[in-house]
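Q: Quick one, what's the 3D model for this:
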Amino acid sequence: MNNQDKLQRFLFEEAAVRGEIVHLSQTFQEIIKQHDYPPVIKRLLGEALVLISLLTATVKFKGRLSLQFQNKSGLKLLLVQSNQDLNLRALAQWEGEIDEAELQDDLKKGILVILMDPDNSTQRYQGVVAWRGDSLVQSIEGYFQDSEQLATRIWLAVDETRAAGLLLQVMPAQADKTHDMMMDAQELAWEHLVHLTNTITPKELLDLETETLLHRLYVEEDVRVFSGSPVTFKCTCSAKRGESAILLLGEEEANDELNQKQVIAVKCDFCNKEFIFDRVDVANIFRQGGTPPSSTQIH
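A: Down below sits the predicted model:
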């Protein structure tokens with residue numbers, strides 16, 4: 001059984017196709033235990049965590065990559081984030097009871113975006129993902145096809161404690177030859193590999209080690225497998241971010257809060273860690289003349 005949290009890349013030596021496989025166990029469990037999520041939300045978080053891992057390995061940049069969904073009711077927020085080291089965190093916010101049918105309806109009504117926050121840059125890149133079919137997978141596949149002109153297929157599996165995924169993608173170096181490729185043997189190679197991968201079962205994707213799974217799927221193919229990269233849960237909350245939240249609150253409102261509760265508790269939405277500030281702390285924050293953040297984005 002595969003209990004390691006890691007992502008592994010592979011490629012086919014005789015086809016212009018690359019791939020990635022990710023397995024999440026402890027990371028997934030750490031994230032879903034932070035809040036009392038209903039089963040349908042847990043499953044969606046598992047799918048989104050797998051997707052952000054695969055996207056991080058595909059996009060390859062230094063900074064924070066986010067997959068974010070927002071809606072006005074029902075499922076109001078889904079946010080999964082990863083950095084270049086595959087440190088993941090995630091959260092979901094919803095209201096009322098929610099079942100599978102309601103979740104699908106919410107997902108079709110809201111806005112899904114991919115956000116890139118490069119290190120050492122104030123510029124954020126945002127790409128809107130058009131909702132397709134009835135899953136995040138189909139939507140992300142369509143995003144790659146529309147924005148990158150890269151044929152992409154993704155397979156996911158999630159149970160109560162684990163999540164896993166496999167991605168196949170036409171290699172970017174072949175993007176300018178897409179038309180020719182689709183008219184010759186490369187198209188047949190792509191279709192053949194997708195056909196083989198379609199035979200995978202959720203249990204195999206969750207249970208099997210990468211090398212075993214690839215051998216079972218592509219026994220007659222020449223596949224090169226690269227070393228795995230660990231995937232972990234890691235939150236970026238800090239006392240400094242708590243100070244920024246208090247600055248955003250404003251001195252008058254912060255003092256009102258202190259008069260009522262004696263301290264201000266800033267709680268991280270991702271990991272539930274609390275940072276406590278008393279009157280001396282708050283006075284120092286405003287005395288230092290810090291500038292409030294320019295937005296209320298979740299850090």
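
Q: Pull the number of nearby residues for residue 33.
A: Residues near residue 33, counting by other Cβ atoms under 10 Å, number 11. In short, each C-beta sits where N, CA and C put it, glycine included.

Q: Next: the one 3 residues further on.
A: Using other Cβ under 10 Å, residue 36 has 7 neighbouring residues.

Q: now swap in residue 246 and tell me
A: Burial of residue 246 is recorded as 22 neighbouring residues (other Cβ under 10 Å).

Q: Same check on residue 230?
A: Neighbours of residue 230 under the rule other Cβ under 10 Å: 12.

Q: now swap in residue 10 and tell me
A: 19.

Q: and what of residue 47?
A: The burial count for residue 47: 22, using other Cβ under 10 Å.

Q: hang on, isn't it packed against residue 136?
A: Yes - using Cβ atoms under 8 Å as the test, residue 47 is close enough to residue 136 to be in contact (5.4 Å).

Q: For the protein, which segments are assigned as helices?
A: Using DSSP state H, the helices of the chain run over 26-32, 39-59, 100-109, 136-143, 178-181, 185-197, 202-207, 210-217, 239-249, 251-261, 279-287.

Q: can you put those in CSV and add distance to residue 227 and mean pLDDT?
A: Converted to CSV, those look like this (distance: least, Cβ to Cβ, whole Å; pLDDT from 0 to 100):
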stretch, distance to residue 227, mean pLDDT
helix 26-32, 19, 95
helix 39-59, 13, 95
helix 100-109, 35, 89
helix 136-143, 25, 93
helix 178-181, 29, 52
helix 185-197, 22, 90
helix 202-207, 20, 96
helix 210-217, 11, 95
helix 239-249, 34, 82
helix 251-261, 49, 85
helix 279-287, 45, 86
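
Q: Please produce TSV containing the ones you listed, extended by distance to residue 75.
A: Below are those laid out as TSV (distance: least, Cβ to Cβ, whole Å):
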stretch	distance to residue 75
helix 26-32	15
helix 39-59	7
helix 100-109	4
helix 136-143	12
helix 178-181	35
helix 185-197	29
helix 202-207	23
helix 210-217	32
helix 239-249	24
helix 251-261	30
helix 279-287	34
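
Q: And those: which comes nearest residue 116?
A: Go through the helices of the chain one by one with Cβ to Cβ and the one that ends up closest to residue 116 is helix 39-59, at 7.1 Å.

Q: how far away is residue 214 from residue 80?
A: Relative to residue 80, residue 214 is positioned 26 Å away (Cβ to Cβ, to the nearest Å).

Q: Those two - which one has more neighbours?
A: More crowded of residue 214 and residue 80, by other Cβ under 10 Å: residue 80, with 25 against 19.

Q: OK, contacts around the more buried one?
A: Residues in contact with residue 80 (Cβ atoms under 8 Å, 6 or more residues apart in numbering) are 45, 48, 49, 51, 52, 66, 67, 68, 88, 89, 90.

Q: what's the first-to-last distance across stretch 92-108?
A: Stretch 92-108 has an end-to-end distance of 16 Å (criterion: Cα to Cα, to the nearest Å).
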